[in-house]
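Asks: Pasting the sequence and the predicted coordinates here, then a few questions.
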Amino acid sequence: MLAALLLVTPAQAATEIMWWHAMSGELGKQLEKLAADFNAAQTDYRIVPAYKGNYTETVTAAIFAFRSRSQPAIVQVNEIATATMMAARGAIYPVYELMRDQSETFAPQAYLPAVAGYYADVDGNMLSFPFNASTPILYYNKDMFRSAGLDPSQPPKTWPELGIVAKRLRAAGAMCGVTTSWPSWINVENFSAFHNLPIATGANGFAGLDAQLVFNNPIVVRHIAQLAQWQADKSFDYSGRGQAAEPRFQKGECGIFIGSSGTRADIKANSKFEVGYGMMPYDPDVQGAPQNSIIGGATLWVLRDRPRAEYAGVAKFFAYLSRPEVQAAWHQNTGYLPITRAAFDLSRTQGFYDRNPGASISIEEVTLKPPTDKSKGIRLGSFVLIRDVIEEELEQVFAGKRSAQAAMDNAVERGNRLLRQFERANPDR
């Protein structure tokens, strides 16, 4: 009996892998489900997700943790911090290297071009793992459309049409006609991409650190000036930065909301009215518009100096996240883009888009036309800070304190100073 007991080998504890993220609410629940499902699918590794606040707070926490050698293996980083992460060469373990070193399949061509191109180097090597990719879409309150005598099956397609609809909604008693979240991402960055206009020289920074901001062009300025004009009668109403506008739509204050496709889960869960969906509006006077939208959201970066066993588990986890059925479920439950073609095809085969009208709009937007150097994304150093500058200037316009031209000129001048600082701090790139 004793001999038999001595032959029994204790079960080996699973290797724990810390994953720091920035998702709360419904999205946080879906993220935790991904980790739990992976943990249940095998016994060697255990992903441990930890919410660290918004994107900026999460990245800041990871930087401080790396300095004290207490960093996680995986950290979720928003798309506009890609250039900053690339500059931290000693701290990051490029995903293409990780997957190669661990002999896990990782084929960039399997991912949607609008997603893969944003996070790849000049040779097409993917540096981080695409996770939650979103793009702005138009949401509208069908009940409010009916009350205003508008066709609930027809969202406005152009900015002039949107202006007319917004005024009708106001006349029918809406507190505001239209509002947007993420002011710079939607009204400068994506507006520019959708009209094939450059944010910066050098392919929006993809060509190198010497890029110069150039978004103070007549078309962007005219758009911002139009919003400011609508602000006077609340046809458009500025709601603040980040996702501050979303609750106003959910509560029925604003009839139209332009925000991330990734908020669909929260909007569906919290809106007590029939929600309609449409593409971002475009300016019909701009030749070739609409072009394609660009993505937002975040990727998963792998940090160095963790035990070797953890990296084997990270690679297994990324391979798991790439499975068509896993990606399709994430896309369907959140509103984020399916990052692979296979997940998109599976969702279509499963009848998801037939059952959920509007759910494919985000995919249609990012694949509307092949991306150009002006519409494939933004890779500019310190762009988190530059976005703050843009939004400060937008707020001056919407408050009636500055003209749209002066504000965009200021944003370009201030932003270019930040670009030059980043360039000087990274002379080897």
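Replies: That came in fine, so what should we check first? Numbers count the residues shown, from 1 in each chain.
Asks: quick one: the helices in the stretch 301-429 of the chain?
Replies: Per DSSP state H, counting those that start in this stretch, the stretch 301-429 of the chain carries helices over the ranges 308-321, 324-334, 341-349, 352-355, 361-366, 383-398, 404-425.
Asks: What average pLDDT does the shortest one get?
Replies: In other words, helix 352-355. Taken as a whole, helix 352-355 has an average pLDDT of 93.
Asks: And that helix, what's buried?
Replies: Buried residues in helix 352-355, counting neighbours by 16 or more other C-beta atoms under 10 Å, are found at F352, Y353. Quick note: C-beta positions are derived from backbone N, CA and C, even for glycine.
Asks: what's near enough to touch W330?
Replies: Contacts for W330 (C-beta atoms under 8 Å, 6 or more residues apart in numbering) come out as Q30, L34, L321, Y336, P338.
Asks: Out of those, which is nearest to R170?
Replies: Proximity of those to R170 was ranked by C-beta to C-beta; the top entry is Y336 with 32.1 Å.
Asks: Just the pLDDT for that closest one.
Replies: 91.
Asks: Hmm, N132 and it touching each other?
Replies: Yes. Y336 is in contact with N132 according to C-beta atoms under 8 Å; the separation is 4.8 Å.
Asks: quick one on the thing from earlier: top of the contacts of W330 by neighbour count?
Replies: In terms of neighbours by other C-beta atoms under 10 Å, the contacts of W330 top out with Y336 at 29 neighbours.
Asks: dump the residue contacts of it.
Replies: Y336 touches N132, A133, S134, S261, G262, G297, W330, counting by C-beta under 8 Å, 6+ apart.
Asks: Please determine how far it is located from P247.
Replies: As judged by C-beta to C-beta, to the nearest Å, Y336 and P247 stand 20 Å apart.
Asks: now do K369
Replies: Counting by C-beta to C-beta, the gap from K369 to P247 is 34 Å.
Asks: One more: V214?
Replies: 34 Å.
Asks: which of the two has more neighbours?
Replies: Per other C-beta under 10 Å, whichever of V214 and P247 has more neighbours is V214, with 16 against 13.
Asks: who's in contact with that one?
Replies: P198, I199, A200, T201, V412.
Asks: And those, which is closest to K251?
Replies: Distances from K251 to the contacts of V214, taken by C-beta to C-beta, are shortest for I199, at 32.9 Å.
Asks: Was I right to think that closest one contacts N190?
Replies: No. In this structure, I199 is not within contact of N190 by C-beta under 8 Å, at 10.1 Å.
Asks: And the helices in the stretch 51-200 of the chain?
Replies: For the stretch 51-200 of the chain, applying DSSP H, counting those that start in this stretch gives helices covering 55-67, 82-87, 95-101, 113-116, 142-147, 159-171, 183-184, 191-194.
Asks: contacts for the first one?
Replies: Applying C-beta under 8 Å, 6+ apart, the external contacts of helix 55-67 come out as 20-22, 52-53, 71-72, 75-78, 81, 91, 298, 303, 305, 384.
Asks: Going through the residues you listed, which ones are buried?
Replies: 20-22, 52, 71-72, 75-78, 81, 91, 298, 303, 384.
Asks: still on that earlier bit, so which of the contacts of helix 55-67 belong to strands?
Replies: Counting by DSSP state E, the part of the contacts of helix 55-67 found in strands is W20, H21, V75, Q76, V77, N78, A298.
Asks: which of these lies closest to D101?
Replies: Nearest member of the ones in strands among the contacts of helix 55-67 to D101, counting by C-beta to C-beta, is V75, at 19.1 Å.
Asks: Check what pLDDT the closest residue in space to the closest one that isn't next to it in sequence gets.
Replies: Distance criterion C-beta to C-beta, 6 or more residues apart in numbering; nearest residue to V75, sequence neighbours excluded, is A62 at 4.3 Å. A62 carries a pLDDT value of 91.
Asks: A62 - how many residues pack around it?
Replies: Neighbours of A62 using other C-beta under 10 Å come to 23.
Asks: Please apply the same query to P307.
Replies: Using other C-beta under 10 Å, P307 has 11 neighbouring residues.
Asks: That one and F66, how far apart?
Replies: P307 sits at a distance of 15 Å from F66 (criterion: C-beta to C-beta).
Asks: Would you mind confirming that D266 is in contact with E246?
Replies: Yes. Between D266 and E246 a contact is recorded at 6.9 Å, counting by C-beta under 8 Å.
Asks: So if I had to pick from these two, which one is more boxed in?
Replies: Between D266 and E246, E246 has the larger neighbour count (other C-beta under 10 Å), namely 24 against 21.
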